[in-house]
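Participant: sequence isn't available, so here's the structure alone:
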Ligand SMILES: O=P(O)(O)OC[C@H]1O[C@H](OP(=O)(O)OP(=O)(O)O)[C@H](O)[C@@H]1O
Ligand SMILES: Nc1ncnc2[nH]cnc12
């Protein structure tokens, strides 16, 4: 979700959230400006604002599935799912899910990876949001969309 385009322009919560995210230059390699959300998790108010913004936006939109991308989507997705009355589906890195999975490979800013999802966890025409902490190249989000393969409301 690009906050400034979604009725949140000027919302003071955005400033608090932005201020709580530490930016680490050249991590994990030179040229990357790493957006470290672990500092946001230490700030109760900013963390709560983050969850509240998504809950306010999606609570009355008949969303029945929140899909969270490993690992950082797991930090935000379950709280949002509980608050809006949706189920939570983990989209995991390879080899972590014990059941039958579908998988999708993708390129990253610094490498490549694969996401997997248990089959049978989403029904056709369910309304889904995908939660992660950020988009860089968009490769992860594209893989998540491919896995879910339905009409989506996108949130990042
Ligand atoms: O838009 P993209 O270029 O795909 O990059 C964004 C993805 O990269 C990071 O995860 P990462 O793969 O580093 O895994 P982690 O959350 O397990 O650290 C981030 O949490 C997103 O999932
Ligand atoms: N710039 C960045 N900050 C944090 N996580 C990332 N994952 C990919 N690019 C990233």
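Facilitator: Cool, the structure landed. Small disclaimer: the values here were computed from a predicted structure and weren't measured. Numbers count the residues shown, from 1 in each chain. Ligands and ions are numbered 1, 2, ... in the order given.
Participant: any idea how far residue 137 is from the residue nearest to residue 26 when sequence neighbours are not counted?
Facilitator: Leaving out its chain neighbours, the residue that sits closest to residue 26 by Cβ to Cβ, 6 or more residues apart in numbering is residue 32, at 6.5 Å. Yep, even glycine has a C-beta here, placed from its N, CA and C like the rest. Using Cβ to Cβ, to the nearest Å, we find residue 32 at a distance of 12 Å from residue 137.
Participant: okay, and the common contacts of the two?
Facilitator: residue 109 (Cβ atoms under 8 Å, 6 or more residues apart in numbering).
Participant: list phi and psi for the closest residue in space to residue 71 that isn't next to it in sequence.
Facilitator: Excluding the flanking residues, the one nearest residue 71 by Cβ to Cβ, 6+ apart is residue 93, at 7.9 Å. With angles defined as degrees, to the nearest 10, residue 93 shows backbone torsions of phi -70, psi 160.
Participant: how is the protein divided into domains?
Facilitator: 1-60, 61-155 (the TED database).
Participant: export these to TSV and tack on mean pLDDT and mean neighbour count?
Facilitator: Output for these, formatted as TSV (pLDDT from 0 to 100; neighbours: other Cβ atoms under 10 Å):
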stretch	mean pLDDT	mean neighbour count
domain 1-60	92	14
domain 61-155	91	17
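Participant: now tabulate those in a markdown table and tack on distance to ligand 1.
Facilitator: Output for the domains of the chain, formatted as a markdown table (distance: least, Cβ to the nearest ligand atom, whole Å):
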| stretch | distance to ligand 1 |
| --- | --- |
| domain 1-60 | 8 |
| domain 61-155 | 3 |
